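Q: attaching a predicted model along with its sequence, questions to come.
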Amino acid sequence: MVRISWCPGCGNFGILRAFKEASGRMISEGYDVVISSGIGCHGKITDYINLPSFHVIHGRVPPFLTGLKLANPELIAVGFSGDGDGLNEGLEHLVHAARRNTDITIILHNNGVFGLTTGQVTATSPKGRKGKSTPYGNPEYPINPCRLMLASGASFVARVFAGDHKKMAEVFYRAMKHRGFSFVEVLQPCVTFNNFWDLRKDVFWVERAGSVYEAMQKCENIRACGIFYAEDKETYEDAVWRSTF
Amino acid sequence: MNICIAGEAGDGVRGAGIILGKIFGELGYSVFVYQEYQSTIRGGHNSSVVRASEKEISSHSYYYNVLICLRAHVFEKHAERLRGVLICDSSFNLAHEMKVEFPIDETVKKLNLPDISRNIAAISVFCKSFGIDAELVENVIRESFGDNRNIETVRTVYENLDVSVSQIRRVGERKELVSGAEAIARGMLDAGLKFYYAYPMTPASQILHFLAAERKCIALQPESEIAAIMMAIGSAFGGERAAVGTSGGGFALMSESISLAAMAEIPVLIILAQRSGPSTGMATYTAQQDLYFALNPAHGEFPLIVASPVTIEDSYRLAGELLNLAWKFQTPAILLTEKHITESYKTAGLAGVVRREVHVFREKNGEVFRRYEITESGISPYAIPPAVVKANSNEHDEYGFTTDDAEIATMMYAKRMRKEKEIAKVVAELEPCIEIRNGNDWIVTWGSNFGAVKEVAEELGFSVAAVRFMRPLFLPKINGEVFCVECNYTGLLAKLLEAEGLKVKRILRWDGRPFTPEEIREGIERWSE
């Protein structure tokens, strides 16, 4: 294990602690968990967890995990990604993984900023936000990651706040248990470039929706947290193995 | 004998070429089929050149003994090459002395068959005129289509055509006709391929089509070439042999992931089937423009294996060899080939590739596996989940943890690079450069030109050198007059030979067409003018 190099107070500490608890539960139930991460502050997480892992390149966690899961469908495959990593550079892979219902879990560390490259806007940064690459304000509208994943066909979509340990650990566990594509957006404050710990008092929990459309409405408010949607449908791996052999 | 079938896209020109090739294969001939077609689904101009010989051949010829025209307007394009019989519909009124005409269109219409069946009628006209047994033709057609639909066509032609041009006889045992794409696919399968990922791109798509239909491995079409190679890396990290296939544009997208595979020491085989560039170029035409691209495919320095097959059999052998080598050395390997290999057909026996085992650790004991152990050879033990194995795109220590420590980085980088020496030792034993000695002067080439070059060299008394392994590079040790034959503008291999101090006379083309023996002979003659 290596020394943790996140800034003191980083939202990633909460994610790390909650994931260790959730994966510990999975392992105690007899599952083998494998993790992967992309590029950015979130990407360091694979070094901090005593599990098989692959820290890959920017935006490419979903196809990597898809290939791994196809090769060994017994594994619980979890990918960590960031808003830059998953929604800027690697957006298409998330959409296709969701559409296929690949049985992997993606935990998206959404801090609304490129932290490791010192503070540029990402696809989730609000319009008008000033950053190093947008000194006069971000000209782009942000994307709502949960809504995108719902529209893409993800079969498990949730949002949690990095400061809510109990709920986060539970959602991670349920996402891993879910057979199919699970997407968890974590609102993760970046203390150095986008500190929104204040959001703690604003986030609220919503109950699971009965339909994709209802879920899309529920996740519209970015302060809304909860498991917005979950359904059972055939996974990609099952479909591929069934149709090939 | 060299036969050209010409028509439009949608006329079944390609299929007709394959069927005629199979017929000659049944009769024991060595057959080579060249497919020339446009990036068009209907209309345009396609041709299929079928060459059959009692001698072993790996190329078609420039001049035709027979031209089969499925449309009147394509005749003009080919007339200059015709040195024999024209076969066409009676209604075409084409000006040529030796002609066999038949009411092809009328026959197909009377039998209530779709227009595309004109290809079978035309082939039947050829077969009847050249004394080929109807039953043999029917069997090949039945086997190819899996039904009896076109059998009536054959019978009608045989009953109503009373022409005998010549008598083609059986010359040996049946030979199987395979495409380069199939040969590559079978080579990979025999070497243990379990996953093949490819985004459609000519001229590599037929490898995907073959593997998807064959169901001997999982063959999938992901969202992009980037996804394809990342999935292959994922499957290899999971312990299964995986490969990807593409052409230049898709290969460019794979670049970053090739560097990742090298850094994390993950074996992956990439089939790079070249077509004419730059950019979209001429999508359905052959080329040899990407040699340096394949040799330097991504950022950073890393061990890499690049080889280029010279024939369809060779593409079977090298595809299998490279998959085995990628696993032995835990690094990417590139099979650099061309449209003229993947989409051409040849009678070939494909056998001999085996899966060479590599030990893989998979036991979990809670401790982090020393996956990147510093060794003298540079090769470290391979481990897969659920063993706690940590792979990394960042520079890393022996356990796979990220590092920027100067001392560790120095050692780890050198460990990876040491594999190059080991690779060179093994490749040296794999006939990395084919040398055939006939005379003092040489024709040097690579890839699909080999077939045509070999014929010319035999005829004119040249020695031949064909470079198969490009990385590690094995150039021939030669002197005397040196010609270099390539399908590119600058002479990419020629430049490598010149760097060795040789004086090279280039014979080049970059029009998307492969060399025939006649054109190489002309190229040599031009140099002596």
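A: Yep, it's here. It should be emphasised that the depicted structure is a prediction, and the values quoted were computed from it without experimental measurement.
Q: packing partners of the longest helix seen in chain B?
A: Of all the segments of type helix in chain B, defined by DSSP state H, the longest one is helix B:406-427. With contacts defined as 3 or more Cβ pairs under 8 Å, 6 or more residues apart in numbering or on different chains; DSSP states H and E, the packing partners of helix B:406-427 are helix B:312-329. The way it works is simple: take the backbone N, C-alpha and C, and place the C-beta from them, glycine included.
Q: tell me what angle the helix it packs on forms with helix B:406-427.
A: Between helix B:312-329 and helix B:406-427, the angle comes out at 150 degrees (axes from the mean of the first three to the mean of the last three Cα atoms, to 10 degrees).
Q: near chain A at all, the helix or strand just after helix B:312-329?
A: Per DSSP states H and E, the first helix or strand lying C-terminal to helix B:312-329 is strand B:332-338. No: contact check for strand B:332-338 against chain A, using Cβ under 8 Å from any Cβ of the partner chain: none in range, with a minimum separation of 14.1 Å.
Q: the nearest residue to A:Phe228 once chain neighbours are set aside: helix or strand, and which one exactly?
A: Using Cβ to Cβ, 6 or more residues apart in numbering or on different chains and skipping the chain neighbours, the partner closest in space to A:Phe228 is A:Ala215 (4.1 Å). Using DSSP H and E, A:Ala215 maps to helix A:212-218.
Q: how about that helix: buried residues?
A: By neighbour count on 16 or more other Cβ atoms under 10 Å in any protein chain shown, the buried set for helix A:212-218 is A:215-216, A:218.
Q: same question for stretch B:452-461.
A: Taking 16+ other Cβ under 10 Å as the neighbour-count basis, stretch B:452-461 is seen to contain the buried residues B:452-457.
Q: got the CA coordinates for it in CSV?
A: Once non-C-alpha atoms are left out, stretch B:452-461 reads as follows in CSV (Å, rounded to 0.1, in the frame of the first residue of the first chain):
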residue,chain,number,x,y,z
ALA,B,452,4.6,-11.8,-57.7
VAL,B,453,8.2,-11.0,-56.8
LYS,B,454,9.1,-14.6,-56.4
GLU,B,455,7.8,-15.5,-59.9
VAL,B,456,9.7,-12.7,-61.6
ALA,B,457,12.9,-13.5,-59.7
GLU,B,458,12.7,-17.1,-60.7
GLU,B,459,12.2,-16.1,-64.3
LEU,B,460,14.9,-13.4,-64.5
GLY,B,461,17.5,-15.0,-62.1
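Q: what does that stretch rub up against?
A: Residues external to stretch B:452-461 that are found in contact with it (Cβ atoms under 8 Å, 6 or more residues apart in numbering or on different chains): B:57-59, B:436, B:438-439, B:443, B:445, B:462-464, B:466, B:485, B:514-517, B:519-521, B:524.
Q: now for residue 48, how many residues are close by?
A: Using chain A. Neighbouring residues of A:Tyr48 were enumerated by other Cβ atoms under 10 Å in any protein chain shown; the total is 19.
Q: actually, chain B is the one I wanted.
A: Applying other Cβ under 10 Å, we find 28 other residues in the vicinity of B:Ser48.
Q: which element, helix or strand, includes it?
A: Since the elements are taken from DSSP H and E, B:Ser48 ends up inside strand B:43-53.
Q: also B:Ile233?
A: Take DSSP H and E as the rule and B:Ile233 turns out to sit in helix B:225-237.
Q: any idea of the mean pLDDT for whichever helix or strand comes after that helix?
A: Following the chain from helix B:225-237 toward its C-terminal end, the next helix or strand by DSSP H and E is strand B:242-246. Per-residue confidence for strand B:242-246 averages out to 98 on the pLDDT scale.
Q: likewise for stretch B:70-85?
A: Computed over stretch B:70-85, the mean pLDDT rounds to 97.
Q: hmm, who's touching it?
A: Contacts made with stretch B:70-85 from outside it, assessed by Cβ under 8 Å, 6+ apart, are listed as B:4-8, B:11-13, B:16, B:45, B:47, B:62-67, B:69, B:86, B:88-89, B:92-94, B:96, B:98-100, B:104, B:118-119, B:122, B:129, B:165.
Q: just the CA trace of the helix or strand encompassing A:Met149, in CSV.
A: When elements are assigned from DSSP H and E, A:Met149 belongs to helix A:145-152. Coordinates of each C-alpha in helix A:145-152 appear next as CSV, following Å, rounded to 0.1, in the frame of the first residue of the first chain:
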residue,chain,number,x,y,z
PRO,A,145,-24.9,12.2,-15.1
CYS,A,146,-27.8,10.2,-13.6
ARG,A,147,-30.2,11.5,-16.2
LEU,A,148,-27.8,10.5,-19.0
MET,A,149,-27.3,7.0,-17.5
LEU,A,150,-31.1,6.6,-17.2
ALA,A,151,-31.6,7.6,-20.8
SER,A,152,-28.9,5.2,-21.8
